[in-house]
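Undergrad: based on what follows, work out the 3D shape:
(chains A and B)
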Amino acid sequence: MNVNTWLEPIVFFLFAGVVLFSAIGIVLTRNIVRAALFLLGTLGGVAGLYFLLMANLLAAIQLIVYAGGTLVLIVFGVMLTSKSPWVRFAPSRSEAAAATTIGLVLFAALAKIVTGIDWTVAAHPADQPATVRQVGNLLLQQYLVPFEVASVLLLVVMIGAAYLARPEN
Amino acid sequence: MSQATIPWIEPVPEKRVAMRRKALLVLFGGGLTALIVGCVMLGVFRALPDQVGTIVFILAGVLPILGGLGLIPLGLLNGSVVLTTLGFAQIGIGALVGGLLKATPIDPLVVGVLLLVIGPIAAGLAMLTAAGVIVAFKQVVQLLLMRWTALILFCGGIVSIILLVWAHAFVFRYVAQLANDTTLNTSATTTFGGDLTIAELSTRFSGNWRPVAFVLWPLQFGLIRDLIAMGGVIGFISIIPLYTIWWERKVAGRIQSRLGPMRVGGWHGWAQSFADGMKLICKEDFVPPEGDGTLFRLAPYLAFVPAICAFIALPFATTYVFRDLDVALLFILAMLGIEVLGVIIAGWASNNKWSVYGAMREACQMVSYEIPMGMALLVPVMTAGALRLTDIAKLQQDGFGSWLAWNNPFCLIAFFCYYTASLASCKRAPFDLPESESELVAGFHTEYSGFRWSLFFFAEYAAMFAVSGLAVILFLGAWYGPLPLSWAPAGNDIASAVVRGLLFDGPILFILKCGLLLYVQIWIRWTLPRIRIDQVLYACIQVLLPLTMLVVLGSTFWLLFDNSAHPAFESFAKVVRGLLSLVGVVISIAIAGFIIFGFVNRRRLVGTLAIEHFPGS
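TA: Sure thing, here's the model as predicted:
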């Protein structure tokens, strides 16, 4: 019996527990900064799951883009836009109902997709080294067009944001 | 200033003398007993290898239960809660250990040695050391107050830490080698999934050396080696801030014509940070009643833990790395990014206007510096064609000229861009807006005190070391010396190993280079005035960002032409590289010259009053 065989499930359930706990926390808390912090738990836990799958690049990108960048932007946006930085959520009944409906539909769709996919993996994913190089090659050769489309989309969004933020004169 | 007597220490009251005598008696007696028990058990194990399982079972399972059965009626009759609880605890422990021994196929030798030999011996040694410290405390303090002993102890401590790390690396490598040794490794799998059993290991060690096998056995598991290495990493991160803070205060003092800390520890106040740490631990733990208590308590850890995590992927030398990740660079950047969140949360949870201003400034600053920082790092990554830090380092082993900072002009510019952005990322002056003590009291940590406050400083200094480490690995030749590695003596003897470790390749060189960059950071902090927040944003977004974009573009084209397909450009690139290395030499000599000049003239900068009080400073 290898150490990893019993350690892996423990670590998996640890990370999965963190993800679930903080996801529930996001929904239940009324304090917007606490919600952002719970989001850090979710994103960090997912990054941990990626590390467990030996998908180091994905995990690092997840941490940089979401946990590091986006989360700071969210907190920053809350502090800048609200009248007081100590703002609290007060969703109305209709908002809660709409959110629940959307959540349930999304969950149903995801559950359908997840159960429909054949999850047999070709080999142990850990046996395939150098993920960064492979991802880079795929992005710049096979998937060049979607990659460029995504970057053009981001550029459009950036120009739009700059236009909106420009002073009136 | 050596002192024979310490006038400010008052005579010890009699009650405390009596208590000390009791404590000494318990420690000495208990320590000696534990040591003797451990040695006897060791002898028993070595004499009777066949009945070990039974002996362990009787000693660790049956004896405690019997003792507990005896203790419980005694406690009940005397009405002593302690004795009764002790009896129940003994029965519980005995049942647990006995049950474990019977139920699981654990090698009884392992359990026996761990439980009955190593435990008592370690406890005995610890108790005797504690007793020794109590006895010799006064003498040790007197010794420390003589400045040269303090200096010798300080240097000896550094050397012994280096030796300790080296010994661990050596033992780990040896154990890994043993685990792969097919002549030793005969059985397929053993208890706990290790490759080697104690019996297999002990065939390698004859006679009196056999106990070594017990010590080496647990080390064959990667998990245990990882735990030890993690302990080393955490220890290193705890020592780095202590000494960088002391050093910063010394440098700041000299820059401001003062002496800095001089008293604690004797030699130039070298123990000042320890004293401050003790003070911080003893301070009142204040949590603002109107703030968000939970987040207020959580925030320091949110800043400190990512700073430690950055060291998981930061290599100190080719083999001295906790996890050699293929995305090490991205991982470290991500961890530095998460650290910022701790600062923001701290400011927000304090419910204090100064703190919130500090937090918002930190968020503004992070949004502006992070992109230029990442872009600047892209240049050496593109030049090296790798994200794994050890791979990038390997390209720079051919001496000073091969360091990536002088690889092409764009790399040199990228180095300065990165260094500027990294100052902002560590909240160091001139970018210490989140703190800015002259306008925001203390910025984000205004409400913090005691240990939580010190955690922010641990995080800040650990991050300073991490960004300096990245700069050294990506631009300044990593852990390689200025001479090509091929000139290093290849022998296996200690002399050539020492020469290699000090001059050519190894963690010591890496730490020295990082120390130099830390020194420059300290220098800049105490020299430049703080800039305004809008100036920070302007500098990062409107100056650094376009500059780094140009640099990335330029280095892309440079790399496109700097290869064997374009011989003319390649030879031009070689000339440029030579010129840039000359520039690098000049800069290095200039910095070294400034340091030496400042050190030689250090007394002229300090006022005469201080020299009268501390003639040797």
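Undergrad: roughly how far does the most centrally placed residue in chain B sit from residue B:318?
TA: Nearest residue to the geometric centre of chain B (CA atoms, centre = their mean): residue B:236, 1.5 Å. Look at residue B:236 and residue B:318: by CB to CB, to the nearest Å, they are 18 Å apart. Placement of C-beta: from N, CA and C, glycine included.
Undergrad: which one is whichever residue of chain B sits closest to chain A nearest to, not counting chain neighbours?
TA: Residue nearest to chain A within chain B: residue B:337 (2.6 Å; CB to the nearest CB). Leaving aside its chain neighbours, residue B:337 sits nearest to residue A:68 (2.6 Å; criterion: CB to CB, 6 or more residues apart in numbering or on different chains).
Undergrad: quick check, pLDDT for that neighbour.
TA: Predicted confidence (pLDDT) at residue A:68: the value is 79.
Undergrad: hang on, isn't it packed against residue B:338?
TA: Yes: with contact defined as CB atoms under 8 Å, residue A:68 reaches residue B:338; the gap is 5.6 Å.
Undergrad: quick revisit: where's the residue nearest to the centre of chain B, which helix or strand?
TA: Using DSSP states H and E, residue B:236 sits in helix B:222-255.
Undergrad: thought residue B:480 was touching residue B:396?
TA: Yes: between residue B:480 and residue B:396 there is a contact under CB under 8 Å: 5.8 Å.
Undergrad: who has more neighbours, these two?
TA: Taking neighbours as other CB atoms under 10 Å in any protein chain shown, residue B:480 and residue B:396 compare with residue B:480 leading, 29 against 26.
Undergrad: tell me the contacts of residue B:121?
TA: Applying CB atoms under 8 Å, 6 or more residues apart in numbering or on different chains to residue B:121 gives the contacts B:34, B:35, B:38, B:39, B:42.
Undergrad: stretch A:14-29 near chain B anywhere?
TA: No: using CB under 8 Å from any CB of the partner chain, stretch A:14-29 stays clear of chain B, with a minimum separation of 10.9 Å.
Undergrad: using CSV, list the CA coordinates for that stretch.
TA: Extracted in CSV, the C-alpha atoms of stretch A:14-29 (Å, rounded to 0.1, in the frame of the first residue of the first chain):
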residue,chain,number,x,y,z
LEU,A,14,-10.3,18.2,2.3
PHE,A,15,-10.3,20.4,-0.8
ALA,A,16,-13.8,19.4,-1.8
GLY,A,17,-15.0,20.2,1.7
VAL,A,18,-13.4,23.6,1.5
VAL,A,19,-15.0,24.3,-1.9
LEU,A,20,-18.5,23.2,-0.8
PHE,A,21,-18.3,24.9,2.6
SER,A,22,-17.2,28.3,1.2
ALA,A,23,-19.7,28.0,-1.7
ILE,A,24,-22.5,27.7,0.8
GLY,A,25,-21.0,30.5,2.7
ILE,A,26,-21.1,32.8,-0.3
VAL,A,27,-24.8,32.2,-0.7
LEU,A,28,-25.7,32.5,2.9
THR,A,29,-23.7,35.5,4.0
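Undergrad: near chain A, which residues of the stretch 351-500 of chain B? Just list them.
TA: Neighbours of chain A within the stretch 351-500 of chain B, by CB under 8 Å from any CB: B:351, B:356, B:359, B:360, B:363, B:364, B:366, B:367, B:370, B:387.
Undergrad: take these and keep only those in helices.
TA: The members of these that map onto helices under DSSP state H are B:356, B:359, B:360, B:363, B:364, B:366, B:367, B:370.
Undergrad: let's have these in TSV, adding pLDDT and neighbour count.
TA: As requested, those are arranged in TSV below (pLDDT from 0 to 100; neighbours: other CB atoms under 10 Å in any protein chain shown):
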residue	pLDDT	neighbour count
B:356	83	23
B:359	85	29
B:360	83	22
B:363	83	25
B:364	82	21
B:366	83	27
B:367	81	17
B:370	86	22
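Undergrad: give me the below-cutoff pLDDT ranges for chain A.
TA: Where chain A drops to pLDDT under 70, the residues are A:1-4, A:81-88, A:121-130, A:169.
Undergrad: for chain B, what's its nearest residue on it.
TA: Using CB to the nearest CB, the closest approach of chain A to chain B is made by residue A:68 at 2.6 Å.
Undergrad: ok, that residue - contacts?
TA: Going by CB under 8 Å, 6+ apart, residue A:68 touches B:333, B:334, B:336, B:337, B:338, B:340, B:341, B:370.
Undergrad: with residue B:158 instead?
TA: So residue B:158 contacts nothing (CB under 8 Å, 6+ apart).
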